[in-house]
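> Just a sequence and a predicted model for now, questions to come.
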Amino acid sequence: MELLVFTTIVLYLFIALRFWQGFHRTYYTQSRFVLSVLWLPLLLNKSYRQNFRRALLG
C-alpha cells in the first residue's frame with residue numbers, strides 16, 4: 001500500500017514538473033505554480049486540457 005501511495009505521488013509530481021517545463025507553450029501568462037500543482041482537477045476543463053496537452057507534448 002505504501003508503495004502505491006509513493007508511486008502515485010511521484011507520478012503526480014513528475015507530470016506537474018513536465019507541465020511546468022512546457023508552460024511556455026500554453027496560452028497562460030500567470031499562475032504557473034498554481035496551474036502546475038492543480039493539474040489533475042483542472043483537467044475537467046476543456047481549455048485547460050488542450051493547453052495541458054500542448055505543454056506536455058510540445
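On my side now, so go ahead.
> What's the local residue count around residue 32?
14 (other C-beta atoms under 10 Å). C-beta here means a position set from N, CA and C on the backbone, and glycine is covered the same way.
> scratch that, residue 42
As a burial measure, residue 42 scores 16 neighbours (other C-beta under 10 Å).
> if you skip the residues just before and after it, what's nearest to it?
The shortest distance from residue 42 to any residue other than its chain neighbours is 4.6 Å, reached at residue 48 (C-beta to C-beta, 6 or more residues apart in numbering).
> The one you found: which element?
Using DSSP states H and E, residue 48 maps to helix 46-57.
> Run through the neighbouring helices and strands of that helix.
Judged by 3 or more C-beta pairs under 8 Å, 6 or more residues apart in numbering; DSSP states H and E, the packing partners of helix 46-57 are helix 2-21, helix 39-42.
> Run the angle between that helix and helix 2-21 for me.
Between helix 46-57 and helix 2-21, the angle formed by their directions is 90 degrees, by axes from the mean of the first three to the mean of the last three C-alpha atoms, to 10 degrees.
> Would you mark the buried spots in helix 46-57?
Within helix 46-57, the residues scored as buried using 16 or more other C-beta atoms under 10 Å are 48, 51, 52, 55.
> Averaged pLDDT, it. What do you get?
Helix 46-57 shows a mean pLDDT of 94.
> Not counting that helix itself, show me its contacts.
15, 18-19, 21-23, 25-28, 35, 39, 42-43 (C-beta atoms under 8 Å, 6 or more residues apart in numbering).
> Can you tell me which of these are buried?
Members of the contacts of helix 46-57 that pass the buried threshold by neighbour count (16+ other C-beta under 10 Å) are listed as 18, 19, 22, 23, 26, 35, 39, 42.
> roughly how far apart are the second one and residue 1?
For residue 19, the distance to residue 1 (C-beta to C-beta, to the nearest Å) stands at 28 Å.
> got the CA coordinates for the helix holding residue 48 in PDB?
Provided in PDB are the C-alpha atoms of helix 46-57 (Å, rounded to 0.1, in the frame of the first residue of the first chain):
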ATOM      1  CA  LYS A  46     -11.600  21.500 -21.900                       C
ATOM      2  CA  SER A  47      -9.500  24.600 -22.500                       C
ATOM      3  CA  TYR A  48      -7.100  23.700 -19.700                       C
ATOM      4  CA  ARG A  49      -6.900  20.100 -21.100                       C
ATOM      5  CA  GLN A  50      -5.900  21.400 -24.500                       C
ATOM      6  CA  ASN A  51      -3.200  23.700 -23.000                       C
ATOM      7  CA  PHE A  52      -2.000  20.800 -20.700                       C
ATOM      8  CA  ARG A  53      -1.600  18.500 -23.700                       C
ATOM      9  CA  ARG A  54       0.200  21.300 -25.600                       C
ATOM     10  CA  ALA A  55       2.600  21.800 -22.700                       C
ATOM     11  CA  LEU A  56       3.400  18.100 -22.300                       C
ATOM     12  CA  LEU A  57       3.700  17.200 -26.000                       C
END
